[in-house]
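*Asks:* I need the structure of the sequence given here:
(2 chains)
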Amino acid sequence: MPRPLRSILANTPYLLITAALLFLPMVAPNDYYIQVAVFIGIYIILALSLNLLNGYVGLLSIGHAAFYGVGAYASAKLMMEASLPFSLCMLGSGLIASAFGYLIAKITLRLSGIYMTLVTLGFNIILFLILQNWMSFTNGPLGIMDIPEPIIFGYHITTRAGYYYLILALVLLTIVSMHRLISCRFGRALIAIREDDLAAQAMGVNTTRYKIEAFVLAAFYAGVAGSFYAHFIGFISPDSFYVYESFILLAMLAFGGQGNLIGPVVGAASLIVVPELFRGLLEYRMIVYGSILVGMMLVRRQGLLGGTEYSLRLRWLDEPEREIFSRGDKFLPD
Amino acid sequence: MFEQLVNGVTQGSVYALLALGFTMIFGTLRMVTFAHGEVYMVGAYVGFELVRLFYPSFFLALVAALAATALLGVLIELLAFHFLRDAPHATSLLVTIGLSILLVNLAQLIWGPETQSLPYSLLDKLDYGEIQLAGAYISFLQIAVLAVTVLLMLFLYILINRTKLGMVIRATAQDYEAAYAMGVNINRIFAAAFAIGSMLGGVAGVLVGIYYNLFYPTMGQLYGLKAFSASVVGGLTSLPGAVVAGLLIGIVETFSVELGASNFRHMVSFLFMILILVLRPGGLFGGKELTHARGD
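*Replies:* Okay, here's the model as predicted:
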């Protein structure tokens, strides 16, 4: 079997899941289900982007909603004031969010441990206060209303299903790109930093550079999610980006597990679905999140699926890896 | 001008009390708690209920709030620290975040999300008017807040520096393993440090609650975080640093309102914190740079 075919076949389980997701809007009884699915998508991107920091590099960021908010406001402003097309708005909001990420990383990375965590929280609160009080630019607590619907490649998205396909594409892009990132040198460096900062440095990993890059990337993903959220809901206000939002993301990672790509996805999906399943629980949503955070930390610290790498890839279809022997090996096989 | 200064000092002394609580906890356990603002909120509500029931006994409310928050502190210590002694620092931090979410929402269930106030008929009995000093009006409540704060600081100073418990706490703060080897029951000391820190927070809650006469479930969030930044500015392990930083933030905040930046006054403390962290990560009074928390 030729190699590309092999690798496609090995990924059959993933392709099947994607195909099943493509049919979801057709089998969903009404728009409500699609709406929930779209929210799951947004939070999957956010949880994955936070996972890049908390799970892979081991920097505890507890103000991630700030980047989400920057993305949402940037996108709304870019479209409504600069009247840029949607795709550029989304890209621009990602870039603006990552500029903020760079700034925060630059400031905080000289600090370590708990101090860095604090600055991320401080940044989230400061951003919230700016959004709430800079009336002329952000319209304060009233928020920005009537954010236009996205037009992507000439296709005007108006239905819930349209948004669903857009977020599905974004989620797939996020997962694939993160998978690539984590399996190359960059990802190995991040994990090395998480395991032992000092040892990684001794091995020649430029830890500061990689941490900054991780921050910038995580902010980019969160910014893109924010941009999608702004156009999907059509209305944004500072309340959506307060520290509580960051804490919800932390609860998702705590529940699903971090340090791999499947944990945050499961965490985000379950923590969105559970309050929806029990409509009576919606009022107690935050209590559920709080209990999950406390309970998981006490009972299963690494989360449901954290710690190990799970893969649905059909390994037996992969080409058997050739063993590599170097000249130094004493017992070379014949 | 002088009046603003007094207002600032009143505000600042509350931040200082809360910051002292943070410092007490971090200094001993090397652990940051994010549930401190909620301890403050619980203290305020306990005070609120008691003043309503047994007016005008202001001090009964204080004592009851002290007891309730000390208990809450021990509970938080148990959940976030005792069970997680060898877990990474992040785990304890996440537990305290979870507890803070839980406490706010439980308060919302019990007292409702809306702002509550003590009826004015009760407050009139508490508010014994105001005195004039150097052309400024200072209310009795302000004096009471300041007096209680100063008394508590003195109490804490004596407790830490002059008693056996204080000596043990200081020893545990320096090196808990060594203290353990010397026969100190460190579990009890950790719980005591948490209880004392929480009591300071609870008292601050009662004071602010009655001073502004506003009680709402999220009242602790901003206060907790501001006091936290005060504690960071003060150096996180230095008790005098926490007091100075708390007062400083309170005064600057009050004057920023005077200068017309009232919308941005809440940012003062966080900007202070970020500035201090960037320029002098050890804090104003943190002698040596303390960058590694427990488990890092």
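
*Asks:* Where does pLDDT dip in the chain?
*Replies:* Since you didn't name a chain, this refers to chain A. A:112, A:282, A:319-334 (pLDDT under 70).

*Asks:* The chain in question should be chain B.
*Replies:* B:55-57, B:121-136, B:286-296.

*Asks:* Longest helix in chain A, by number of residues?
*Replies:* Identified as the longest helix of chain A according to DSSP state H is helix A:207-233.

*Asks:* Quick one: name the residues of the stretch 151-296 of chain B near chain A.
*Replies:* The interface of the stretch 151-296 of chain B toward chain A, taken as CB under 8 Å from any CB of the partner chain, is made up of B:221-222, B:225, B:228-229, B:232, B:263-264, B:266-267, B:270-271, B:273-274, B:277-278, B:281, B:291-293, B:296. Quick note: C-beta positions are derived from backbone N, CA and C, even for glycine.

*Asks:* Okay, helices next: where are they in the chain?
*Replies:* Reading this off chain A. Going by DSSP H, chain A shows helices at A:3-10, A:12-27, A:31-51, A:65-80, A:86-108, A:114-133, A:135-138, A:160-183, A:185-195, A:197-202, A:207-233, A:243-256, A:262-277, A:285-299.

*Asks:* I was after chain B.
*Replies:* Going by DSSP H, chain B shows helices at B:2-29, B:36-53, B:58-80, B:89-111, B:120-126, B:140-162, B:164-174, B:176-181, B:186-212, B:219-234, B:239-258, B:267-279.

*Asks:* Could you save the helices of chain A as a markdown table and add columns showing mean neighbour count?
*Replies:* Converted to a markdown table, the helices of chain A look like this (neighbours: other CB atoms under 10 Å in any protein chain shown):
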| stretch | mean neighbour count |
| --- | --- |
| helix A:3-10 | 12 |
| helix A:12-27 | 12 |
| helix A:31-51 | 23 |
| helix A:65-80 | 27 |
| helix A:86-108 | 21 |
| helix A:114-133 | 23 |
| helix A:135-138 | 12 |
| helix A:160-183 | 17 |
| helix A:185-195 | 17 |
| helix A:197-202 | 13 |
| helix A:207-233 | 24 |
| helix A:243-256 | 26 |
| helix A:262-277 | 21 |
| helix A:285-299 | 20 |
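
*Asks:* The helices of chain B: which one's closest to A:Leu78?
*Replies:* helix B:267-279 (25.2 Å; CB to CB).

*Asks:* Quick check: closest non-adjacent residue to A:Gly143.
*Replies:* A:Ser237 (2.9 Å; CB to CB, 6 or more residues apart in numbering or on different chains).

*Asks:* could I get the helices of chain B as JSON lines with mean neighbour count?
*Replies:* Output for the helices of chain B, formatted as JSON lines (neighbours: other CB under 10 Å):
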{"stretch": "helix B:2-29", "mean neighbour count": "25"}
{"stretch": "helix B:36-53", "mean neighbour count": "25"}
{"stretch": "helix B:58-80", "mean neighbour count": "21"}
{"stretch": "helix B:89-111", "mean neighbour count": "22"}
{"stretch": "helix B:120-126", "mean neighbour count": "13"}
{"stretch": "helix B:140-162", "mean neighbour count": "16"}
{"stretch": "helix B:164-174", "mean neighbour count": "16"}
{"stretch": "helix B:176-181", "mean neighbour count": "14"}
{"stretch": "helix B:186-212", "mean neighbour count": "25"}
{"stretch": "helix B:219-234", "mean neighbour count": "27"}
{"stretch": "helix B:239-258", "mean neighbour count": "22"}
{"stretch": "helix B:267-279", "mean neighbour count": "20"}
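
*Asks:* Nearest to A:Cys89 among these would be which one?
*Replies:* helix B:267-279 (28.1 Å).

*Asks:* The closest one to helix B:2-29, inter-axis angle?
*Replies:* Put simply, helix B:267-279 runs at 50 degrees to helix B:2-29, going by axes from the mean of the first three to the mean of the last three CA atoms, to 10 degrees.

*Asks:* if we can go back for a sec, so what's the gap between the longest helix of chain A and the chain middle?
*Replies:* From the chain centre to the centre of helix A:207-233 is a distance of 8 Å (CA atoms, centre = their mean, to the nearest Å).

*Asks:* Same question for stretch A:64-74.
*Replies:* With CA atoms, centre = their mean, you get 12 Å for stretch A:64-74.

*Asks:* Extract the C-alpha trace of that stretch and format it as CSV.
*Replies:* Provided in CSV are the C-alpha atoms of stretch A:64-74 (Å, rounded to 0.1, in the frame of the first residue of the first chain):
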residue,chain,number,x,y,z
HIS,A,64,-7.5,33.2,29.7
ALA,A,65,-10.9,34.8,29.1
ALA,A,66,-9.1,38.1,28.6
PHE,A,67,-7.7,36.9,25.2
TYR,A,68,-11.2,35.6,24.3
GLY,A,69,-12.6,39.1,25.1
VAL,A,70,-9.9,40.9,23.1
GLY,A,71,-10.7,38.7,20.1
ALA,A,72,-14.4,39.3,20.4
TYR,A,73,-14.1,43.1,20.7
ALA,A,74,-11.4,43.3,18.1
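
*Asks:* one step back: dump the helices of chain A to JSON lines, plus distance to A:Ile152.
*Replies:* As requested, these are arranged in JSON lines below (distance: least, CB to CB, whole Å):
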{"stretch": "helix A:3-10", "distance to A:Ile152": "27"}
{"stretch": "helix A:12-27", "distance to A:Ile152": "17"}
{"stretch": "helix A:31-51", "distance to A:Ile152": "15"}
{"stretch": "helix A:65-80", "distance to A:Ile152": "12"}
{"stretch": "helix A:86-108", "distance to A:Ile152": "5"}
{"stretch": "helix A:114-133", "distance to A:Ile152": "27"}
{"stretch": "helix A:135-138", "distance to A:Ile152": "26"}
{"stretch": "helix A:160-183", "distance to A:Ile152": "7"}
{"stretch": "helix A:185-195", "distance to A:Ile152": "29"}
{"stretch": "helix A:197-202", "distance to A:Ile152": "40"}
{"stretch": "helix A:207-233", "distance to A:Ile152": "10"}
{"stretch": "helix A:243-256", "distance to A:Ile152": "26"}
{"stretch": "helix A:262-277", "distance to A:Ile152": "24"}
{"stretch": "helix A:285-299", "distance to A:Ile152": "32"}
